[in-house]
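Engineer: From the sequence below, what's the structure:
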Amino acid sequence: MARESDDYGMDHYVRMKPPAGSRLQRHWIIRWFTPNILALLVAFCFFLGWLLAAPTEHFGPKDITDPSKPPSRIDLPRVYAIVQEIVFEKFDDAAHAGYVHYDPVAPEFFSRNDFNWHFITSPILGAVPDHFTTEEDIAKVNETHVLSLARRSPYRPTMLLKPTKSEYSTEDINKDDILAATAVLRSFHPPMVMAVSVGENAVDPKQKKAMRIFAAPADFELWPGRAWSDFHPTFHLEGIPFRHFVLRLHPRMPGKDVVRNFNRVLAECKKVIGQRPEIPGLGYTIAMSKDWIVAIPRRHPGLPPNDAPVLPEVMLGLVSVGSQEERDYWDTVGYEMTLREMGVAFFV
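Structural biologist: Numbers count the residues shown, from 1 in each chain. Down below sits the predicted model:
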């Protein structure tokens, strides 16, 4: 800097230019960057905050999809569509009108041999088959699935996520199913659970494929949440009397990693199925939340001795029945024995 005097005798300072060709002049970016470094840091912090918040702030009301992404890309969709308040409002209206069979009865909690049970008993739950849905679809998901309210709803809300192409329950769960389920699970702030059974020995083969998505019961620990690894499947959690394979997930895990973990637990599950060639049509149950995914090999679709059908979440300890007689039957057949029969026991 140098001081000069103007025609009015006032002193002022002027910036001296570096000599032509000097190193300081050549590196002009240094002279620009130095006085603006604070503003750049502030702008970067705002951008980082927006980036981290983006996956949970862009949920809109009608369509879970991102048309800007090619369908073949294995990545979680940008969820613009489903706002939980709209789902709860639609569910409550449908329940009030009688389209949805829901009864907010107090559940029964207890533990047997370190396995937690959650029972809901209500006559209204026995009035309609489990796979029936309401006529109105709530949302489209990834252009591959549609989300509807379940007519029989033990939990608020209970929904069915079905492929847009007709698929039967004997067909494998695939990448598109997992990505669609993940999109819906991440659309809700309250914990949600997806559960589905496939294969002749896990579900009625005449049924169409439909993944159940419902609110996780409050103050109830779901046993897959005890898993500790997101790379090596956990396969022997204490108190679980049947074969299972669990991996941790993370709420912001990329879609390709969610699919990778699904493929890992399913591969381990199918190894068990392959070890039992004398049992044709052996099926499996897949359940997942935002935090974990589990694959459970199955031998029977329901309660012994007649394979009375049960919902897939029974393998998590979540049971809903329509009468006290059905509830008492569980006492008669035995809890642990029932799980061993429906799943694959460790000693089999």
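
Engineer: Stretch 154-174 - what's its average pLDDT?
Structural biologist: Across stretch 154-174, the average pLDDT comes to 88.

Engineer: Now do that stretch: distance from first to last residue.
Structural biologist: 26 Å (CA to CA, to the nearest Å).

Engineer: before we move on, what about stretch 241-260?
Structural biologist: 26 Å.

Engineer: What are the buried residues along it?
Structural biologist: 241-249, 253, 255, 258-259 (16 or more other CB atoms under 10 Å). C-betas here are computed from N, CA, C, even on glycine.

Engineer: Contact partners for residue 123?
Structural biologist: By CB atoms under 8 Å, 6 or more residues apart in numbering, the residues touching residue 123 are 103, 322-323.

Engineer: separation between it and residue 328?
Structural biologist: 14 Å (CB to CB, to the nearest Å).

Engineer: Check residue 110 too.
Structural biologist: 14 Å.

Engineer: Would you mind identifying the helix or strand in this protein with the lowest mean pLDDT?
Structural biologist: Least confident helix or strand, the chain: strand 11-14 with a mean of 40, by mean pLDDT, DSSP states H and E.

Engineer: can you give me the helices for the stretch 51-200 of the chain?
Structural biologist: With DSSP state H, counting those that start in this stretch as the criterion, the stretch 51-200 of the chain has helices at 84-97, 175-185.

Engineer: what's the angle between the last one and helix 84-97?
Structural biologist: Right, the one you point to is helix 175-185. Here helix 175-185 runs at an angle of 90 degrees relative to helix 84-97 (axes from the mean of the first three to the mean of the last three CA atoms, to 10 degrees).

Engineer: and helix 175-185, which residues are buried?
Structural biologist: By neighbour count on 16+ other CB under 10 Å, the buried set for helix 175-185 is 176-185.

Engineer: Could you do the first one as well?
Structural biologist: Of all the residues in helix 84-97, those buried under the rule 16+ other CB under 10 Å are 86-87, 90-91, 94-95.

Engineer: Need the max-distance pair from those residues.
Structural biologist: Spatial extent of the buried residues of helix 84-97 (CB to CB) is set by the pair 86 and 95 at 14.9 Å.

Engineer: would you list the helices of the stretch 51-200 of the chain in JSON lines and tack on distance to residue 312?
Structural biologist: Formatted as JSON lines, the helices of the stretch 51-200 of the chain follow (distance: least, CB to CB, whole Å):
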{"stretch": "helix 84-97", "distance to residue 312": "20"}
{"stretch": "helix 175-185", "distance to residue 312": "13"}
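
Engineer: domain parsing for the chain?
Structural biologist: The chain breaks down by automatic domain parsing into domains covering 19-51, 63-342.

Engineer: Please look at residue 173 and residue 263 and confirm they touch.
Structural biologist: No. Applying CB atoms under 8 Å as the test, residue 173 and residue 263 come out as separate, 10.4 Å apart.

Engineer: Of the two, which one has the most company?
Structural biologist: Comparing residue 173 with residue 263 by other CB atoms under 10 Å, the one with more neighbours is residue 173, at 21 against 13.

Engineer: give the contact list for that one.
Structural biologist: Neighbours of residue 173 in contact, by CB under 8 Å, 6+ apart: 196, 198, 211, 262, 266, 286.

Engineer: I'd like to know how far it sits from residue 194.
Structural biologist: According to CB to CB, residue 173 stands 10 Å off from residue 194.

Engineer: between these two, what contacts are shared?
Structural biologist: Contacts common to residue 173 and residue 194, judged by CB under 8 Å, 6+ apart, are 211, 286.

Engineer: about what we covered before: mind checking which of the buried residues of stretch 241-260 are in strands?
Structural biologist: With strands taken from DSSP state E, the overlap with these comprises 245-248.

Engineer: Run a quick neighbour tally on residue 216.
Structural biologist: 19.

Engineer: And for the one 3 residues further on?
Structural biologist: When neighbours are counted by other CB under 10 Å, residue 219 registers 7.

Engineer: okay, the closest residue to residue 291 other than its chain neighbours: pLDDT?
Structural biologist: The shortest distance from residue 291 to any non-neighbouring residue, by CB to CB, 6 or more residues apart in numbering, is to residue 249 (5.6 Å). On the pLDDT scale, residue 249 is placed at 94.

Engineer: close enough to count as contact, residue 300 and residue 341?
Structural biologist: Yes. Under the criterion of CB under 8 Å, residue 300 makes contact with residue 341 at 5.5 Å.

Engineer: Any stretches of the stretch 101-250 of the chain with poor pLDDT?
Structural biologist: For the stretch 101-250 of the chain, the stretches with pLDDT under 70 are 126-136, 201-205.

Engineer: one step back: just name the closest of the ones in strands among the buried residues of stretch 241-260 to residue 44, please.
Structural biologist: Looking across these and measuring by CB to CB, the closest to residue 44 is residue 248, at 30.5 Å.

Engineer: Can you tell me, leaving aside adjacent residues, what's nearest to that closest one?
Structural biologist: Of all residues not flanking residue 248 in the chain, residue 230 sits nearest, at 4.0 Å (CB to CB, 6+ apart).

Engineer: residue contacts, residue 231?
Structural biologist: Taking CB under 8 Å, 6+ apart as the definition, contacts of residue 231 comprise residue 247.

Engineer: Work out for me the element it sits within.
Structural biologist: Per DSSP states H and E: residue 231 is located in neither a helix nor a strand.

Engineer: again with residue 273
Structural biologist: Going by DSSP H and E, residue 273 is in helix 255-274.

Engineer: hmm, who's touching that helix?
Structural biologist: Against helix 255-274 from outside (CB under 8 Å, 6+ apart): 74-77, 173, 175, 178-179, 182, 230, 233, 235, 243, 245-249, 282, 284, 286, 288, 293-297, 344.
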